[in-house]
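Visitor: Quick one, what's the 3D model for this:
(2 chains)
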Amino acid sequence: MKIEITFKIILALIILACASCDNDDDDVPTPGTYILGLGVTTSTETTNFVIGAKSLASGAISLVGQGTLQEGYRDYAFGGDTFYSIGGLGVTDVNAITSKGDTLNIQPGLTFEFQVDDFKDVEGNGTTMLGISSPLSPSTSTNMQFYTVDIATNTRSNVTNIPFNSVYDTSRHWIFHTGMEVSGGKLYQTFYPVDAISFNTQNTDTLYVAIYSYPSFQLEEVITDVRVGPAGAFNTRSGIFKAENGDLYTVSTSSISNGYSQSTKPAGILRIPAGSNDFDENYFFNTQDAVSGPGGKIAHAIYIGDNKLFAAVTVADHTIEDRWSDTNLRLAIVDLIAQTITLVEGAPEFTGNGGRSFAALQEGNKVYYGLTDEDGLYIYETDIDAATAVRGTEVRATFVGGLARLK
Amino acid sequence: MDLSFILFTYITSKTILEYFVRAFKIATFSLPVLTLPNTLAQTHESTLKGVVTDLYGTPLYGASILIQDLQVGVAADENGEYFFKIDRPGSYTVEFSYIGFETVTQSITLEANKIHVIDIALAEDATVLDAISIEAKSKIRQKREEAYAINVIKAKELYNTGADINQVLNRISGVRIRENGGLGSDFTFAINGFSGRQVKFFLDGIPMDNFGSSLSLNNFPVNLAERIEIYKGVLPVSLGSDALGGAVNIVTRTQPNYLDVSYGYGSFNTHRANLNFAYTNLNSGITARVTAFYNYSDNNYKVRVRPIDLQTRQRMPAQEVERFHDTYESATAHVELGVIEKPYADKLLVGFIASGNDKDIQTGVTMDQVFGARTSSSRALIPTLKYQKENLFTHGFNVRFYAAYNHTKNQFIDTTRLSFNWLGQSVASTGTSEFFRTQLENRDKEALTTTNLSYALTDHHGLSFNHQFTNFTRESSDVENPENIVFLFPQSLRKHILGLAYQAKYERFTGTVFAKAYFLKAESFEDVMDGTGESNFQETGTNTEDVGYGTAATYFILPRLQAKVSYERTYRLPEATELLGDGLFTRRNEALEPETSDNLNIGAKYEFKLDDNHLIAIEGTYLLRLAKDFIQLDQALSQPVDRQFINLGDVTTNGFEIDMRYQLKKQFKAGFNLTYQNIIDKQEFLASTNFQGVTVSPNLNFDFRVPNIPYLYGNFSADYAFMEAGAKNQLNLGYALNYVEEYFFTPRQLGANNQNNIPRQLSHDLRATYEMYNGKFNISLEVSNITNEELFDNYLLQNPGRAFFINLRYFLNNSIF
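Guide: Next up is the predicted model:
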């Protein structure tokens, strides 16, 4: 009897097992106008997915049975109608994702030696992506590496190594990349000095901008200004922005909640006029004064045209206890000319996901950004002119790492 | 390759061995020669020896062997072996008897200066089946019949194979060993879904978690073990440790006199050699034991990959390539000297272990990342002491004390400024290393003691007390990074684990209740920030206390039908880094609680015979695990810095294990086991403590299976022995099947067409063993993975394909002197 029952159980199990392995041929990802890079944190790990969506204004995006797994940690970028998912476990894989009829076409194959620290269409014409790998430790590399990727062929060229110590005295501190823009045939890069072991910041008195020829990446000079501290912060790419006329704006915060261990200068924005290698002595936008109450540090931002930034701005004073927390943020519209910061009404105070990417997507007068409110993760649709936001699509994931619109 | 060290280990062990052999020869032979010259006159001596088993080959420990005419008798040892020396040649009648078995008599003519062998298989006596006495069973059988959920591997059956202990354990229900590659590769040992620090390993009851990578289960040849005990979920107090999900205890061989030497060679230039030797002078009680083993492999098996073109950084088409930087070499010697069977000690042994390995590192977490120069190495020097005495001072009071001082150095080197691809090509790298420039050296020191006292209050009731102490200190340095503050402060962790158990034992019932107390003291350092941007490191420490408890009971419903129940609330104490942070990127969390689990096993075992020749044994176990508060790094932040170890996770496991065995006399054996474990994530919300309070988000894996753990797997094996009555030689053929159902690395319900699975795997092994001169000379030939299946583990790391291995073994069952 016993044997019979046992065998029946085993047989049932085998049938069950066989049945469960036959239903693997699920549908391919449903494409939509929009594409999102989503992170899902479960009790054991964080996994990343790319998924298409028809709308960001309503409904819900769910990964159950949908979306394409992206191995390892991921960074996202967009250029030339191509959405990039970059990362992996050990090797940095570059997946170029385009919309092809009713499906997403994912082109793998290209790899990078190091983690990518910034990847953007700096010329804005949809043909070339500029990438930089700026390792966080001299134990990985003593060079930063610039390169360009041809969007159409997903191939890399112009690989140039720049020794860190040609840009900054690395016997004192290491530096972390925080942003880059190309203007007038030159590449402008912001960074901040940091202790590579403790990540403490002992030099917060000076703003540094390295200027290179583009696309040959020859270092011209490193310009400094002591009105503010370094631009950008740990893992953000919000240190420098370019306006339509070629003027460059650097955004300094020394924000403790974004990883600085001290803050010795006011948070503010400086300008480098188009074609210049010098800061505009007459332009200084103190962002802390532009916000009523505490805060006023621009943690993350994108340029949305017309000399404006769409930003996440701190609305609290942080102490060393808040280090790395990326918190007490409000969405805001920053006017670089009028030197005003308007907090977006209708979007709550929120906590960022540690920087890395500020996955905000501008479409005309609207900006879409996913944040976690008291009910969960939602895309908020901000009206730029009115500086108001409404809650849109629910995203059933932990964070939105990338957001773009495909053709 | 640090051959000098391995050579040193060898020469040392050999020299030590030779020296002591000489010393013992002098000590044990010269004295009797001088004082008792008549011992030299025993020229007519003849020897009678053999093995007493039941019809299935199970040794009958304690079976009595009587030479009727002389009225001389001996008892068989735990291997069923017996031995007589008779100085009067002639014809005699020998009687073999054992409780519950039919008595057999045999005639034999003993000739002078000859060795006579009678191996005998006794048939069970149907009339006395009920009178099975636990005391008379073999130690292995006694262990198997304990109330705990335990598997006991009888190592002896595997001595001819040249296998390592991992290979053997992977065939046990509930156990899954996940290997990153070939010989010497990193592996994860899992019992019922618990792995890593949740499972503890012991060598003769001494915890060996920190012994370094050369003293791990994939280095140990099975030949050093008498038996291997696998406890699932519930641990006796004698293995006093904070094991959340189970433990493995390797019990080394105790035979007083033997020599066991083997050497094997196989595919991928794999060499395995081992020497096991024991010499005991049964008069003086002086004993010496030596275990030494050596492993080497190029591990240059073929894998299927897409190499990266080092110029364009584009991936090439998938192709088969040979692994080119995966050499592994390890050597270990363990020497023990002491006395046995003395009034003051049943066993008193002082020993020394010297061990080391050198390892090339071929890949990272995935096979995408390929290295051509990274290496690691480990060296361990461990003096040991073992003391054991039964009936000390008074009858029924038993003492066992084991101690070890473990001194381990682990080094990791990555200093080559080259990038490699799978074709073995390299280009100068712009980086300072292949991945992260380091010559990290961890120097661990660990004092370990285990004290076990037991006292039989009456014939049926007993108490036992166990104390285990470990004091672990780690110092690190890195010449590539001398200023790293982490290396300036040592970390230490001290643990006291006390256990008290009460046992009741009746004819059919055995039960125990126990409690364990865990005390922990950790010391480390942290960066106390003062807002200036400068680091301010200070020493820090913390203490914790916890109490666990459990019970186990077993009842023989019929003489061959056993029911078992065991339960324990287990703990896994945090490590120093988990509690106190690493001083840099991991923040302290003094509020961190140990991981806990309520583990329940309910099982039954039934053996029956179809007739006198066929034996069938079935064992089934239901298991329940309610594990909570796993200690893990907070995942909620995407920052690589300022993380904390937190208690997160609520996992329920429901599962069962089935073991079946069939045996036709000693000729044919077949075994089958299957494990199903439904490991479900019951964590509904993820709470991440932030300075603004607690951020709560739903866990999208709630109520789904925890990914990346095999949940259905099994083994089948069949062995046939070609033997003839009275023949000295025997041929054995064996087949083994290993099965793992498809499983997924990431939550399966999320995403479509995910390339994140390991498909169902089936691998077949074949083995032939030829035993000559009653097992003195043995040759074994094994073909593993005969169908050359592509086997994977972890993040699709490919394991070796078809491989051949030939093993030669010489075994002498008595003193070499």
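
Visitor: Check the secondary structure at B:F277 for me.
Guide: strand (DSSP: H, G, I helix; E, B strand; the rest coil).

Visitor: how many neighbours does it have?
Guide: B:F277 has 20 neighbours, counted by other CB atoms under 10 Å in any protein chain shown. C-beta here means a position set from N, CA and C on the backbone, and glycine is covered the same way.

Visitor: Spell out the secondary structure type for the residue nearest to it when sequence neighbours are not counted.
Guide: In this structure, B:F277 finds its nearest non-sequential neighbour in B:V290, 4.5 Å apart by CB to CB, 6 or more residues apart in numbering or on different chains. Going by three-state DSSP, the secondary structure assigned to B:V290 is strand.

Visitor: Identify the bridge partners of B:V290.
Guide: Note on B:V290: beta-bridge partners B:F277, B:V335, judged by DSSP bridges.

Visitor: Would you mind measuring the gap between the ends of stretch B:429-440?
Guide: Counting by CA to CA, to the nearest Å, you get 21 Å between the two ends of stretch B:429-440.

Visitor: Now do it: everything it contacts.
Guide: Residues outside stretch B:429-440 that contact it (CB atoms under 8 Å, 6 or more residues apart in numbering or on different chains): A:113-114, A:135, A:137-143, A:145, A:161, B:364, B:369, B:371-374, B:411-420, B:476-481.

Visitor: how does it look with 6 Å?
Guide: Under the contact criterion CB atoms under 6 Å, 6 or more residues apart in numbering or on different chains, stretch B:429-440 has outside partners A:139-143, A:161, B:371, B:374, B:412-419, B:478-480.

Visitor: swap in stretch B:476-489?
Guide: By CB under 6 Å, 6+ apart, stretch B:476-489 touches A:I197, B:R437, B:T438, B:Q439, B:L440, B:E441, B:N442, B:F525, B:F537, B:G583.

Visitor: Was I right to think the residue nearest to B:F277 contacts B:Y279?
Guide: No - using CB atoms under 6 Å, B:V290 is not in contact with B:Y279, being 8.8 Å away.

Visitor: Direction included, what does the longest strand belonging to chain B pair up with?
Guide: In chain B, taking DSSP state E as the definition, the longest strand is strand B:537-558. Taking DSSP bridges as the criterion, strand B:537-558 forms sheet pairs with strand B:509-527 (antiparallel), strand B:561-572 (antiparallel).

Visitor: mean pLDDT for those: which is lowest?
Guide: Mean pLDDT per stretch puts strand B:509-527 lowest among the strands paired with strand B:537-558, at a mean of 88.

Visitor: now that one: how far from the chain's centre is it?
Guide: 22 Å (CA atoms, centre = their mean, to the nearest Å).

Visitor: And the helix or strand containing B:V261, how far out from the chain middle?
Guide: According to DSSP states H and E, B:V261 maps onto strand B:258-266. Computed by CA atoms, centre = their mean, the separation of strand B:258-266 from the middle of its chain amounts to 19 Å.

Visitor: Next secondary structure after the helix or strand of chain B with the lowest mean pLDDT?
Guide: Scoring the helices and strands of chain B by mean pLDDT, DSSP states H and E places helix B:31-35 at the bottom, with a mean of 36. Using DSSP H and E, the helix or strand that follows helix B:31-35 towards the C-terminus is strand B:46-54.

Visitor: And the contacts of that following strand?
Guide: B:59-60, B:63, B:76, B:80-81, B:83-86, B:89, B:96, B:110-112, B:114-121.

Visitor: rerun at 8 Å
Guide: By CB under 8 Å, 6+ apart, strand B:46-54 touches B:59-60, B:63, B:65, B:67, B:76, B:79-87, B:89, B:94, B:96, B:98, B:101, B:108, B:110-124, B:666, B:813.

Visitor: now stretch A:93-105
Guide: Residues outside stretch A:93-105 that contact it (CB under 8 Å, 6+ apart): A:28-29, A:31, A:35, A:50, A:52, A:68, A:70-71, A:81-87, A:106-112, A:149, A:151, A:154, A:406-407, B:368.

Visitor: which of those count as buried?
Guide: Among these, those buried by neighbour count (16 or more other CB atoms under 10 Å in any protein chain shown) are A:29, A:31, A:35, A:50, A:52, A:68, A:70-71, A:82-87, A:106, A:108-112, A:149, A:151, A:154, A:406, B:368.

Visitor: For chain B, which segments count as helices?
Guide: Assignment of helices within chain B using DSSP state H yields the ranges B:3-25, B:31-35, B:139-144, B:165-169, B:576-580.

Visitor: Repeat that for chain A.
Guide: Applying DSSP H to chain A gives helices spanning A:2-20, A:164-167.

Visitor: Quick check: B:L493 vs B:A591, distance?
Guide: Going from B:L493 to B:A591 by CB to CB, to the nearest Å gives 18 Å.

Visitor: higher neighbour count, these two?
Guide: B:L493 (24 against 11).

Visitor: wait, that one sits on B:A576?
Guide: Yes - using CB atoms under 8 Å, B:L493 is in contact with B:A576, at 4.6 Å.

Visitor: Quickly list what's touching both of those two.
Guide: Common contacts of B:L493 and B:A576 (CB under 8 Å, 6+ apart): B:A522, B:E523.

Visitor: Any stretches of the chain with poor pLDDT?
Guide: Defaulting to chain A. A:1-32, A:354-356 (pLDDT under 70).

Visitor: um, chain B though
Guide: Judged by pLDDT under 70, the stretches of chain B that qualify are B:1-43, B:56, B:125-138, B:531-533, B:582-585, B:587, B:634-642, B:688-695.
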